[in-house]
Structures are given as C-alpha cells and as structure tokens.
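Participant: need coordinates for the following:
(4 chains)
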Amino acid sequence: MNKFRESGWHFLLIVICLTLLLPVLFMISNSFKTLQDSYHSMLQLIPTHPTFSNYLTLDKQINLFRIVWNTFFMATIVTLGKIITGLLAAYAFKYFSFKGKKFFYFAFISTIFVPFTVVMIPNFLVISKLNLLNTALGVALPQLCDATGIMLFLKAMDKIPNSLIESVRIDDIPSYKILKDIVVPILRPNIISIGAIFFINSWNEYVWPTLILKDKNSFTLPLALQNYISSEGGTNFPLAMALSTIMIIVPLLIYLIFQRYILNSISSSGLK
Amino acid sequence: MNKFRESGWHFLLIVICLTLLLPVLFMISNSFKTLQDSYHSMLQLIPTHPTFSNYLTLDKQINLFRIVWNTFFMATIVTLGKIITGLLAAYAFKYFSFKGKKFFYFAFISTIFVPFTVVMIPNFLVISKLNLLNTALGVALPQLCDATGIMLFLKAMDKIPNSLIESVRIDDIPSYKILKDIVVPILRPNIISIGAIFFINSWNEYVWPTLILKDKNSFTLPLALQNYISSEGGTNFPLAMALSTIMIIVPLLIYLIFQRYILNSISSSGLK
Amino acid sequence: MSNKVILELNDVTKNYKKTNIIRKMNLQVKEGEFLVMLGPSGCGKSTTLRMIAGLEAPSTGEILIDGRNSEKISSFERNIAMVFQDYALYPNMTVYQNLEYSLKVHKVKKEERQKRLEAILETLNLTAYRDRLPGQLSGGQKQRVALGRGMVKQSKIFLLDEPLSNIDVQLREKARDEIQSLHEKNHQTIVYVTHDQLEAMALGDRIAIINDGIIQMIDTPDNIYNHPTNLFVAQFIGTPKINTLEVTCNHGELLFNEKIVFSNTERLESLNLASNQLCLGIRPEHVVVKRKRTDLLDLPAQIETIVAYGRYQQLTLSIKDGQSIKAIITNNDFTSGDNVYFSFAAEKVLLFDYENKNNLEK
Amino acid sequence: MSNKVILELNDVTKNYKKTNIIRKMNLQVKEGEFLVMLGPSGCGKSTTLRMIAGLEAPSTGEILIDGRNSEKISSFERNIAMVFQDYALYPNMTVYQNLEYSLKVHKVKKEERQKRLEAILETLNLTAYRDRLPGQLSGGQKQRVALGRGMVKQSKIFLLDEPLSNIDVQLREKARDEIQSLHEKNHQTIVYVTHDQLEAMALGDRIAIINDGIIQMIDTPDNIYNHPTNLFVAQFIGTPKINTLEVTCNHGELLFNEKIVFSNTERLESLNLASNQLCLGIRPEHVVVKRKRTDLLDLPAQIETIVAYGRYQQLTLSIKDGQSIKAIITNNDFTSGDNVYFSFAAEKVLLFDYENKNNLEK
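Facilitator: Sure thing, here's the model as predicted:
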C-alpha cells in the first residue's frame, strides 16, 4: 500500500479515537479538581490542585451505598429476566414448528421499533396500579422480556449445527434437556456477552426509572446524577463529575472482565 | 411433538405477544376517545364515541409540521453521518493493516459501554461554545460517528468473501473504487436495515435533545410529547396519545417499507 | 445377512411445497445388509435417509421398521442410529460424555453404561482419547466417535450420511476400510448415503442409484457396472464416462456415420425395436485401439490427447464430425497425433433405446 | 512451450509468526508451461500461489516475474491473473460487467473493451449468459467467467487455485477438459494448485509435489508415478496406495519375514546401503496373484476382501503377522477366503532407504 495513504489513515484514526475518548478523560480529570479550578480551567486535563474531596462530599450528601445497590439490584433482575425469556423464546422459534410462527416473530420484532416514549405512559399506569412505584421491581417488570434479546439469541443459535439438534432428537432426549445440556453450554459465551450488554444498558437507564422512582432512597445512579446536575448540585460541576466517574466504574469493570467474550461473540468477528 | 405441549407453547406465545402489543393498541384507541371517555374507560379498546378532535386540537396548539420536520431533519443527518463514518471506519479495520489496529478497535468498542449520562455534560458544553444550541445540527453533531455502526458494518462485511477483495487487488483497483463499486453494492441491504435502525433510534431520542433544544420552535416530537405529559397537556391524556400515535407513524412506515431487509439481514436468519 | 426384511419403504413420496423431492420410493433392506444410496446432489438420497430416521415424515406411503409403521412408534422404540455428515458431536462434552449422554438421559445404570462404553472405546481405538473434547480430535477420530454413539444404543439400523466427506482425501481410504471391517464384525444393517461412486462400489452389498427422486436401479455393484438398466446409470458409474454413440440399426448391423461398428444379427433381432435408431454404449476400457486395420469393423481415428494416470492411460480419439471417444489402455506406445484404428469389444457393447434411454436388453 | 523462464522462485520462505509455512522453495516455470502444484491440505501450496500473485510477501528469498523482482513492480505491471477457488465474481455485476470492470477502471477505450470481451465470451461459450448475475450461473459457468476475467487482462501468467473443487463431481471431467483445451489453444503459462492427484496427472506438463513447505519432487506425471524420489511421493500418488514392506537385504536378495521376495544381485549391489534394512515399495497393479505356486519367489496369502470397481478388482491379501497387501487385477476369478500365491513384478519394485525414506535409485 502507498505509504502516504497509510499515514493518512493513521492520522484520521488517531483523531477519531481521541475525539471519542476525550469526554471520558475530561470527566475523570474534573472529578479531581476543586470547584474553583474546574470553573477556571475546565478543559485542562491534569488538575492543578488534585483533590479527593469531591468524592467525600458526595458520600456525605447522599446514601451512596444504597443508590449503588439499587442500581445493581435492578440491573441484575432485568438482565436475568431478559436472558431467561429471550433464550426460551428463541429456542421455541428456532426448533419448534407451530402455526403462525412467522407472524408471531414479525409481531415480536415490530415491538423493537415502537418508541419507548410511546409505551411509557401505559406501562406507568400498570406499575402504579400494581403498587410497585418506588421499587426496583417496578422498574424491572416491563423489561423482563424484550424482542432484542430474542433476536440476539436466535442469531447466536445459528452457530449450533442443525444436525446436532436432530441427532439429539433421534436419541429421544426431552426438549428441556436439550436446552439445558446442549444449547446453553454451547451458547455460554454469547449469553455472557449479551447479558453484559443488557446489564450495562439497564445500569445506565434514565428515562423510565425517573417515572417510577420518586423517593430519594429508591434512586438509581443516573437519577442521582441528574439531580446533581439540575438542582442540588447546581453549578457544582466537579461533584457531578465525581458521581459520573463512580457510575462508569461498574460498566467498565464488566466490560474488562468479559471483554474476551464481548469482542469475540458480538463485534470483532470481522477483524483479523 | 406432544400435542399437549404444543398447545401449551401456543398459549404462552399468544399471551406474550398480546402483552407486548397491548400498550400500542391501547394508545391508538385512547387517541380517538374524548377526554371524558378516556377518563372513565381508559382500558376499553374500542372507543364508545370515536372522535378525531384530539388530532385537530393538537394541530392548533403546536406547530405540528415544524416539529415533524425538525425530527425528520435531525434524524436524517444523524443517520447519514453514522452510515458514512461507520462504513469508512469498518472498511479500514477490515481491509487495511496498520499498527495498533487491535488497540484502536478495542478503544472504539469501549465507548459503547460509556453511559451517555456521563458524556452528556462535556458534549453540551462543546455544543454551546459552538453556538449550536437550539439547532438540529447541534443535536446531530456528537452523534455523527459511533462505535455501534462500525461494529455492525464490520460484522456485515463478513459476508464479503476475502477472495473478492483479493481479486480486485490483483487487478490494481484503487481502494475508493473497491468501496464504491464492490463493498457498498454488496452491503446495500445491510446499509438499508442498519440505517433504518439508526433513523428510528434518532427519531425517538429524548434525553440529549432536551438539553440542546430549549426553544419550542426547535423541538422534536419526543420533546413535544414530554411537554404534553408534564405540563401543558396536563391531565389531557387523549391529546398525549394522539401525539404518540403521530410519533409512531414514521418508524412504523420505515419498518414496513424496509421490513424485508430488516428481517433478513439483522434478525430472522435463524428462523425457518 | 439374513433373509428377514428389517426396513421397508412402500410407495413413499415427499413434497416440499410444490416440489416433488421423492417421487416414488420402494425399497426393502434385509437384516445385516449394507445398502448404499448413490446419486448426484439434490437427487433425494439424503431426504430418504432423513425420513427413515424419522426427522421428516413422508408425504404419502409408509416406512416399516421391523414390520411396524415408523410414524406410530417413538424415536426411542424406532432404535435407529444416524451418523451425520458433520458428525454432530456435542462440542461441550468429552468423547466419553458424548457416548454416555443418551444412556444417561434414558436412565441406564452406571455399571451397565461403563461396561458398554469401555467395550466400544476399545473396538474403535478411542480409549486414549476418552477425555478429549471433539474440537481436539481429527476428522477420522470424530467419525469413529459418531459411529460409537450409534453403537452405544445397540441400534438395529445404522444410517450414515456421507460420513467420509469431511475426512482428508489421504485418510479416506483407511476410514472406509474401518467402516467395512466394523460391518463385517458386527453385522448391523447399514444404509449409507454417498455421491462417490468408488465409495459405493467398495462398501455396498447392494447399491441403489437414485436420480430425480426415483430409484433408477438397485443391484450389486457388479451388475450395476456391467448391466445398467438405463443410460443414466451407465453414465453415472465409471470414470471416465461411458462412450455413447447414436447408431442406426440395419439388417443385424449397427451403423455409425454409415460405417458398421457392431454386427450381431441374433442379438439385434431379439430386441423389440420401435425405430431403427438407438444408442450404443461402450466403456472406455472396452475400446480396442490398434495401429493397423485388422478387422472389417475397425474404424480410423486420430489420437487427440493422451493422459498418463500411472496405472493406465486415457486416450481421446477424435473421429468424424468433431466427435470424440475415450479409451483406456494399460500399455501405451502411441503418441499424440497418431492415426489409429479402433473397435469395440462386441460382448461388452450396451444398447439403449433412443427415446427413453432404457437398456434394451434388461 | 518455449524455453524462456517466465516465473522463478529463488530460496523463497514464508513464516507466519513462528510457523514455517514455506521452508525453502526453488522453482522455475517456462513460458507456456502448465505446472501443477499438488499436495495435502496445509502443505503450503496455496501460500506459494498467493505469494506469486503478490497477495503476500515472502519472508526471505525472491520471486522473479519475467526476470524482475515481483515486490518491486505494481500489481498492474505484474500482470498476473488468478482464478480463486470460489471464483470471486462480483455478485452485483453481470457476467459482462464482471469481465469489463478491470478494463474500465484502467481506462481501456470502449471499442477496444467491447472487441476483447466479445471474443472472450465467444471462446468461453458465455455469450448467451452475458447479462446474467453470477447467482444465476452454474458452478461450471462461474468458473468460465473467472477464467475469462483473467483472459481479459491478457495476462502472461494464470494462477488457478483449486478451480474445480466447487463443481459437481459429475461435471468436473468436462470442466477439466475445457481448461486443458483452453491451454492448448492459448498457450498461457499456468500454475495450478490442487489436492486431487487425478486432476494433476491429467493436466500438468509437470507436477510439483509439495509437503511440509518443501517441493518433494518436480517432474512429469509419468516420472512421478514410476520413479518417485521418496516414499511420500510414492504414497501420495496412486490409488490404492503403494504397498510398502520392511525387508532385509542379504546377498543380493531381499527377505520379508525370512522369505525371499526379490532377487537381483546386480541392482542391489549397485545401491549404497547404510544398513541391510530397507523399504520395498510395490504398486498394487504390480502384485501378481495366482492360484498355484510356479516360482520360487511366490509367497502364500489368503484373500481377505475383494472389491469390484467395474474396470478392475481390488484384492486385499492377508499375509503373515496381520499384515496385508493390496493387489489390482482386471480379470477376477477368485473368491473371498481363497488361498493364493503372490509375487512382485521385479522391474517395478521400488527401493527406499529405511531411515530417510528416499528412493535409493534416484
């Protein structure tokens, strides 16, 4: 390849990469600045007077542990729900034949394209009638099943050769055993990576929990953060950045731990 | 298969399906109810006194055409930006070899797991310094490039056999011609379906536009809807449902038009 | 091989939507027989196998296993083992677990399981690999595990779907010998699907040649090669392909390009000819090539190409009108471009109907 | 074939990370030559082809095309055409556009393009398909389009990577003949990679047998079959495999199981033997099988299996100690289980070194 062209690509890539990562670095940097420093030199990457005080203030002002636990609990229920319902439905779509299968699948997939803003209100009414306002369960309930999960698991099942399932059928193995002993172990890396994405999405969710969680004790991290930005935190930018940094830790950990699975099974298949 | 088991599956599927679709039907139904009817029998599917008046009221209260145009314009820019940058980056990752390729890809993918809430504030500051508040361009700018697009296009490029690209290279065809004449035409269905998803997501976007668009004339549909729910619309539930119905039309149309591509290239590969 | 029929297909058809995959299939397999189904891709041989396995139901007709309609018995009672083309081993289980799984699910006692498995691992030379995962095995080893999984069930009928196609060419000969010796030892009934004629001839007690969803011929390898029922069978078996010439029958002689190529009044008159046109088939090894004309039936030709395959040489002879015929000889002293004479070994000549291509003497 | 060397590999090696794919490759191809590279999967033959095409760079050594180092010229100047295993046709373009594309990009004038394309479509019998998309073509047609794409460029060197492996077995013979007649007509230099020995013998002027990243032998098909340089080559060429026996040399005689199987003092004494142990190789068709003992060298054996392949029969003879040898005969009057005698056609016996397996007489 032409040397000049190659270095052109290089340059372009570095620029794009920095543009993408800059906000994160910027955020971490500001969380260690004093209020004054942040105000005067917000765009400076290395703090002039690095301080840990923002994190301490934060812990005094809100029940940090409680909020992290709420977020974690809610995200875990949603993730488990989506994995279980998604696997079961995908298995049915893939290996059973029943009337109207195509129609049902079509109907399921359609729901991906229904904006959340639209189903938000009916869902809110249901949750409030079930007396689940201000609970993690209330947040989780309408999300225990979604078409994206079905779609992703169905896609993942493509890698199980048909002959494998046919072979088990000739041996007269019951369906639940096929699922448990053959399908789930083979899909393990996919389940982990899809689960990680579900968890992180749920962890970061903002709009829907705002509707359900009004009591400060039931807040999740994004809600607490929003509160810091809009009212109490007011102009205290470093405090908001400290909370942001805390919020980013769990997704980052999950990504790093399961990186191998995530990159392998979802994204990097085309890379060599 | 056991007849009993089969009908069990059937029943389960119908229930799941209805649960998923019910909110939408419920929404459409309420948009044709009078305020009184909606109040008294919200859960009734067929309106007792069907009326079109909610839609007319809506058109009087807000600049409906302007808002639809804003949403459409913003979603179009975002979609085009993501497709172009995604294709270029994916092409580079797939077919060029350069130093640090794996690292760059890793860095790109990591950004998927950075919660939006976290980059929201820095992005807002940049847009405001660029004087792009209250403009569709301001909403679109930070979204013109994202790692999901790169990932999806990279995945789609898997279906182009390596030998095809090697064959063109032996013929000494320049890279931009390979992209234009070979890669893009082959990926056409994928570009359409990925583009449709980008468009619909952008169309439905809520949190980020709230920050940028404060002037009512620059509003997009989800913002207008939110306003109807929280303040002006107040308790006028049918009005909100009418706006929701309008908001759902474009995504639904796009889904129906490109259904063949969307189902084929993204989701139904496992179905038979 | 006993005389008891263990598997029977009666007027079986199979349609997918509006396509007839299997048009009409009648077949009887005897206990202990090794039956090979041979045909080009898309001929319906795999579909037939899948119907026997119970993976698909026939559209009409019935499949009897041990005299019972297979649709009325569960797959457990049917007791059929199938080896898939890709072996279909459970990638998450070791060799031992692969063999054990079905027994475990069907609650065979642990001691019994162990006893059976040890014996099978021994027979198949797999004892050393018992704790390996399928991903760590070679193609031949995987195939043996797949065979073993069938043996564990002590099935009466073994179905094999192109089991050698995923094995390296160099090792196929050995794997084929293993299947054969296993059959000779255990005398299971085997239905074996392949598209490879050499494999079919090497293994089958009988071969069913399938095309277009119909059994074209079912017989021993020898009869299929020497007495094919129609031109399709004659062309499908044998490399290079059988030579075919369009000839005219005239007073007990066959004329090609107005020259006599075959003369046998008795044989030709015994045929019930509808017209005087017919197809003559002659295998390349039955074409005699010589330098000098020694017989009235010898015809002139020129050697176009000579390909040396080591054990034999293949000549392409160009005759009139751009047509050419192939000949196989074992001691070549010709060179390309030579003018030669050729004739046909008369007793090996096959005669086919001009219209329906059936063998006129079958 | 001229005497001009058009392609030359000098001490070429290729490493991926720490694996040696090509250990050392020296090769000269003459203008107009049809060279076949034959070897088992993973032997490095495809890598060699890809290096010649410029898709990969050699780790050390140089590739000369027309006397110029290929790394120093652009792929346009290199002027090489390659036909890929999967044909690599552009799925979004018609046959005509596929052929035209490269010319169009390189700004060949429209009239010139049309003239060339019409001629090529004619030669390849593709005129009727010019407006079809690749998806609407059969395997054989796709292969012809791929060939055409190479011809359009008027390349000096044609590289073909297993071009027949995606064609139905039944049609492969015909496609092979087409490649051959195209070569005879146009006299391009062809480097052809395959793993199929029959294909190699049918097509190649010379065959390079590759194993383990080294050319084991490069010669005409005939010499490779009859005078292999080592046991690998002897075993790789010929079906069924050559029989090998471990024998002891003793006073001008070779002993197998303490019985004389070969006697030729002159030939054996001319060898430079390091030890008195060696390997005897004899092809199955050179094993003579008879009912009665007529010669001192005849040894007893029992017929284990007989497989009738139509044109010939393959016998497996069990001799002492569980060993067996294979014989090919053309007129079988034996039955399985018969006690027979066998001997070797003495002039066909090959002798290999016991240690390094090289042919002792090459």
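
Participant: show me what contacts the residue of the stretch 101-250 of chain C found nearest chain B?
Facilitator: The minimum distance from the stretch 101-250 of chain C to chain B, using Cβ to the nearest Cβ, falls at C:Val105 (16.7 Å). For glycine as for every other residue, the C-beta is placed from the backbone atoms N, C-alpha and C. Applying Cβ atoms under 8 Å, 6 or more residues apart in numbering or on different chains to C:Val105 gives the contacts A:171, A:173-174, A:177.

Participant: buried only: go through those for me.
Facilitator: The neighbour count (16 or more other Cβ atoms under 10 Å in any protein chain shown) marks A:171, A:173 as buried among those.

Participant: make CSV from the contacts of C:Val105 and add pLDDT, secondary structure and distance to C:Ile207 to it.
Facilitator: CSV is the format used below for the contacts of C:Val105 (pLDDT from 0 to 100; DSSP: H, G, I helix; E, B strand; the rest coil; distance: Cβ to Cβ, whole Å):
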residue, pLDDT, secondary structure, distance to C:Ile207
A:Asp171, 88, coil, 29
A:Ile173, 90, coil, 34
A:Pro174, 90, coil, 38
A:Lys177, 92, helix, 39
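
Participant: ok, of the contacts of C:Val105, which one's closest to B:Asn201?
Facilitator: A:Lys177 (39.3 Å; Cβ to Cβ).

Participant: how about the closest one, nearest residue that isn't a chain neighbour?
Facilitator: C:Val105 (6.0 Å; Cβ to Cβ, 6 or more residues apart in numbering or on different chains).

Participant: just the buried positions in the helix or strand of chain C with the lowest mean pLDDT, please.
Facilitator: Using mean pLDDT, DSSP states H and E, helix C:75-78 stands out as the lowest-scoring helix or strand of chain C, at a mean of 80. Under the neighbour-count criterion of 16+ other Cβ under 10 Å, helix C:75-78 has C:75, C:78 buried.

Participant: now what about that helix, what contacts it?
Facilitator: A:169-172, C:54, C:65, C:70, C:106.

Participant: out of those, which are inside strands?
Facilitator: Residues of the contacts of helix C:75-78 located in strands (DSSP state E): C:Ile65.

Participant: tell me the most packed of the contacts of helix C:75-78, by neighbour count.
Facilitator: Neighbour counts for these (other Cβ atoms under 10 Å in any protein chain shown) peak at A:Ile170, which has 25 neighbours.

Participant: quick one: contacts for it?
Facilitator: Contacts of A:Ile170 by Cβ under 8 Å, 6+ apart are C:53-55, C:75, C:80-82.

Participant: re the thing from before, show the pLDDT at the residue of the stretch 101-250 of chain C closest to chain B.
Facilitator: C:Val105 is assigned a pLDDT of 92 by the prediction.

Participant: how close does it get to C:Leu126?
Facilitator: Note on C:Val105: its distance to C:Leu126, by Cβ to Cβ, to the nearest Å, is 21 Å.

Participant: which of the contacts of A:Ile170 sit farthest apart?
Facilitator: C:Leu55 and C:Ala81, at 12.9 Å, using Cβ to Cβ across those.

Participant: who's more crowded, those two?
Facilitator: C:Ala81 (26 against 19).

Participant: circling back: keep only those of the contacts of helix C:75-78 that are in helices.
Facilitator: Of the contacts of helix C:75-78, the ones assigned to helices by DSSP state H are A:169-170.

Participant: okay, helices next: where are they in the stretch 1-150 of chain C?
Facilitator: Here the stretch 1-150 of chain C has its helices, by DSSP state H, counting those that start in this stretch, at C:45-53, C:75-78, C:95-105, C:110-123, C:139-152.

Participant: quick one: is the first one near chain A?
Facilitator: So the one you mean is helix C:45-53. Yes - using Cβ under 8 Å from any Cβ of the partner chain, helix C:45-53 reaches chain A at C:Ala53.

Participant: so does that helix get close to chain D?
Facilitator: No - figure legend: helix C:45-53 not in contact with chain D (Cβ under 8 Å from any Cβ); closest approach 13.7 Å.

Participant: what residues sit buried inside that helix?
Facilitator: Buried, per 16+ other Cβ under 10 Å, within helix C:45-53: C:45-53.

Participant: mind checking pLDDT for the residue nearest the centre of chain A?
Facilitator: Central residue of chain A (Cα atoms, centre = their mean): A:Asn201, 1.8 Å from the mean position. Model confidence at A:Asn201, given as pLDDT, is 87.

Participant: chain center to the helix or strand hosting it, what's the gap?
Facilitator: If you go by DSSP states H and E, A:Asn201 is part of helix A:184-203. Relative to its parent chain, helix A:184-203 has a centroid offset of 10 Å by Cα atoms, centre = their mean, to the nearest Å.

Participant: how about the helix or strand following that helix: buried residues?
Facilitator: Next along the chain after helix A:184-203, taking DSSP H and E as the criterion, comes helix A:207-212. Applying a neighbour-count criterion of 16+ other Cβ under 10 Å, one finds A:208-212 buried in helix A:207-212.

Participant: one more: stretch C:115-128?
Facilitator: For stretch C:115-128, the neighbour count (16+ other Cβ under 10 Å) marks C:116-117, C:120-121, C:123-124, C:126 as buried.

Participant: now do the longest helix along chain A and helix A:184-203, the angle between them.
Facilitator: Ordering each helix of chain A by length in residues (DSSP H) puts helix A:64-95 first. Helix A:64-95 and helix A:184-203 are oriented at 140 degrees to each other (axes from the mean of the first three to the mean of the last three Cα atoms, to 10 degrees).

Participant: are the very next helix or strand once past helix A:64-95 and chain B in contact anywhere?
Facilitator: Per DSSP H and E, the first helix or strand lying C-terminal to helix A:64-95 is helix A:101-110. Yes - under the criterion of Cβ under 8 Å from any Cβ, chain B is reached by helix A:101-110 at A:101-102, A:104-110.

Participant: show the contacting residues for the residue lying closest to A:Leu64 once chain neighbours are set aside.
Facilitator: Counting by Cβ to Cβ, 6+ apart, A:Leu58 is the residue found nearest to A:Leu64 once chain neighbours are left out, at 6.4 Å. Residues near A:Leu58 by Cβ under 8 Å, 6+ apart: A:64, A:239, A:242-243, A:246.

Participant: for C:Leu268, same thing?
Facilitator: C:249, C:252-254.

Participant: so which of these sits lowest on pLDDT?
Facilitator: pLDDT is lowest at C:Gly252 among these; the value there is 86.

Participant: if I look at the closest residue to it other than its chain neighbours, how far off is chain A?
Facilitator: Leaving out its chain neighbours, the residue that sits closest to C:Gly252 by Cβ to Cβ, 6+ apart is C:Thr265, at 3.1 Å. Counting by Cβ to the nearest Cβ, to the nearest Å, the separation of C:Thr265 from chain A is 57 Å.
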